[in-house]
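1. Just a sequence and a predicted model for now, questions to come.
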Amino acid sequence: MKYDVIVIGAGSAGSIVATRLSEDPNRSVLLLEAGPDYPDFDRLPDEVKFGYATATDVMTSDHNWQFTGYGTAENPDIMVPRGRVTGGSSAINGQMFLRGVPEDYDTWADMGNDQWSFQNLLGCFRRLETDTDFSDDFHGNDGPIIARRFKREEWLPAQNAFYNACREYGFPHTDDHNSPDSTGIGSTPFNNPNGIRWSTALGYLDLARHRLNFTLRPNCTVHRVLFDGHRATGVVVESGGEVFTVEADQIILSGGAIASPQLLMLSGVGPADHLRSLGLSVVHDLPGVGQNLRDHPLVPVTWRTVPGFELDGFKPRIQLCLKYTAEGSHLRNDMIMIFSNFATEQVIRGGNRMEPMGIRASVSIYLAVGAGELKLNSTDPHQQPYLDYNYLQEEFDRKRLRDGVRIAVHLGEHGDFKDIIQERIEPLDSDLETDDTLDHWLRSNVSTAQHISCTCKMGPASDPMAVVSQYGKVHGLENIRVVDASIMPDCIRANTNVTTMMIGERVSEFILRGD
């Protein structure tokens, strides 16, 4: 059978693209998803349905690809969770519903993507959300994704202490982290109404399921895209032990920043030397595929709590966040810190979601200058690619993270924590003695904030590392686009999920108007 459009990946962007394109009853849309689908809300597994109030750990769930990556020489094995279910990573993530700062998108425009300025994107941000707290020119109130913030009276004790410590340190209060000019400490917006993780599967796919021109096929692994010369014509799919071909006039890759570059390379599109080294025939030499891997490097500052302090794993773990500009940085809001009310040991170290260590500050660089790369490990589509995050090679990144850790340690010494904190577990005082000792601790403990992006960079054809045009079209090829977090030219100063949803909305606009 032949479709007008095949969308590969029912994740944060793919679910939106498939939903928006199928609004036209004359356009047939096939949405392929590697993971399972749960059209009945009552049958959603707990770790997908509930944002935090579940004992089931998504880190060890079949709904997580459970990838691994290389962080640093001192910390070579890091866990890289990605969603393997309709909704993609929006169905397993932390639901922090944050936009980037306007400068992020204006920088994209300055890089040759003039359709992606903040002013051009604001309508997409508004269209995708229902913000239950704000109604103004910067917020949407009738979109598919519901966002809300914890009210002051809902804050748990560690969050109140975090807030007061930040204010005394000199950080300003913000009512709305999604206001263009906001900075400082305040309630985090979450796409978590009434404790439900409001993924794109719930918000968008449920709008499309009844449409006769929309077909969703879960449990499908796409092996490769088929080409006639440089024109994409279909895909090779595996499902239920069978391998078959499906054709379409347009192929849209929405597998995310790992699967989309992997699928391009498996299809013969990418750095020619790398493809040939694996015995793959080169359809199109595109050196930027898999390069420019960006993320938010993150380290934990953890404290043991005093005996008797309540640690309840079924209560919200995060309610506030601090966004600030690092000392000496030219990048506004280039750092974020969150405080967890219930900290556990990392799964990779044998931790369990419901076994608390105490409380934790997570310190992360929101706009690192370092970048990594993604390469194929194998021509087998079932084998994950090699993910080299290449963290903390730049002194600017190390300095900002050092300073962030020292700020977190200082905040933990605030008087409001005296009835909460017994002692600091990590880093030790010896780790904090000098920049060198702290750098070693950082390299040994840095991990992913789970915001991998930028591996199919968007940019003009004059940029030798650009993979797609600003309309998502793969350079040098026909009838194939990439629409997901991989097309970001650089990481954003925010958790990536909202921007990935916006990308789905924006490129859908382009397609619908014929761009």
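-> Done, it's in.

2. what sits against residue 381?
-> Counting by C-beta atoms under 8 Å, 6 or more residues apart in numbering, residue 381 touches 221, 222, 223, 224, 238, 262, 263, 266. (Each C-beta comes from the backbone N, C-alpha and C, glycine too.)

3. and the first one, bridged to which residues?
-> When assigned by DSSP bridges, residue 221 has beta-bridge partners residue 238.

4. Share the number of residues neighbouring it, please.
-> Residue 221 has 16 neighbours, counted by other C-beta atoms under 10 Å.

5. where's it relative to residue 237, distance?
-> The gap separating residue 221 from residue 237 is 7 Å, by C-beta to C-beta, to the nearest Å.

6. for the contacts of residue 381, which one is nearest residue 205?
-> Nearest to residue 205, judged by C-beta to C-beta, of the contacts of residue 381 is residue 222 at 18.4 Å.

7. Surely the closest one and residue 236 touch.
-> Yes: if you go by C-beta atoms under 8 Å, residue 222 and residue 236 touch, sitting 7.0 Å apart.

8. Which of these two has more residues huddled nearby?
-> Neighbour totals were compared for residue 222 and residue 236, and residue 222 leads with 25 against 17 (other C-beta under 10 Å).

9. Just checking: what are the partner strands of the strand or helix carrying residue 361?
-> Per DSSP states H and E: residue 361 is located in strand 356-365. Take DSSP bridges as the rule and strand 356-365 pairs in its sheet with strand 297-305 (antiparallel), strand 335-344 (antiparallel).

10. strands paired with the helix or strand following that strand, and their directions?
-> Following strand 356-365 in sequence order, the next helix or strand is strand 373-375 (DSSP H and E). Next to strand 373-375 in the sheet, as set by DSSP bridges, lie strand 386-388 (antiparallel).

11. contacting residues around residue 499?
-> Taking C-beta under 8 Å, 6+ apart, one finds 99, 100, 485, 488, 492 in contact with residue 499.

12. Tell me if it really is in a strand.
-> No: according to DSSP: H, G, I helix; E, B strand; the rest coil, residue 499 belongs to no strand; its state is helix.

13. which two from the contacts of residue 499 end up farthest apart in space?
-> 99 and 485 (14.0 Å).

14. When the two are compared, which one has more neighbours?
-> Shown here are residue 99 and residue 485; by other C-beta under 10 Å, residue 485 has more neighbours (31 against 26).

15. can I assume the more buried one is in contact with residue 502?
-> No: using C-beta under 8 Å, residue 485 is not in contact with residue 502, being 10.6 Å away.

16. what residue ranges in the stretch 51-200 of the chain are flagged as low confidence?
-> Along the stretch 51-200 of the chain, segments meeting pLDDT under 70 span 53, 55.

17. just the strands in it please.
-> For the stretch 51-200 of the chain, the strands defined by DSSP state E, counting those that start in this stretch cover 67-69, 78-80, 129-131, 145-149, 184-187, 189-190.

18. Quick one: list the elements packing against the longest one.
-> Judged by 3 or more C-beta pairs under 8 Å, 6 or more residues apart in numbering; DSSP states H and E, strand 145-149 is in contact with strand 129-131, strand 189-190.

19. With residue 340 as the reference, name the closest of those strands.
-> Between residue 340 and the helices and strands packed on strand 145-149, the tightest spacing by C-beta to C-beta is seen for strand 189-190, at 14.0 Å.

20. which residues touch whichever helix or strand comes after that closest one?
-> Using DSSP H and E, the helix or strand that follows strand 189-190 in sequence is helix 200. Applying C-beta under 8 Å, 6+ apart, the contact partners of helix 200 are 10-12, 15-16, 87-88, 90-91, 144-145, 501, 504.

21. Reformat those as CSV; add neighbour count and distance to residue 397.
-> CSV is the format used below for the contacts of helix 200 (neighbours: other C-beta atoms under 10 Å; distance: C-beta to C-beta, whole Å):
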residue, neighbour count, distance to residue 397
10, 34, 34
11, 36, 28
12, 32, 26
15, 34, 33
16, 34, 32
87, 30, 32
88, 33, 28
90, 29, 28
91, 30, 30
144, 22, 36
145, 25, 31
501, 30, 27
504, 29, 30
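
22. can you put these in a markdown table and add distance to residue 448?
-> Converted to a markdown table, the contacts of helix 200 look like this (distance: C-beta to C-beta, whole Å):
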| residue | distance to residue 448 |
| --- | --- |
| 10 | 23 |
| 11 | 17 |
| 12 | 17 |
| 15 | 23 |
| 16 | 24 |
| 87 | 20 |
| 88 | 16 |
| 90 | 17 |
| 91 | 18 |
| 144 | 28 |
| 145 | 23 |
| 501 | 20 |
| 504 | 22 |
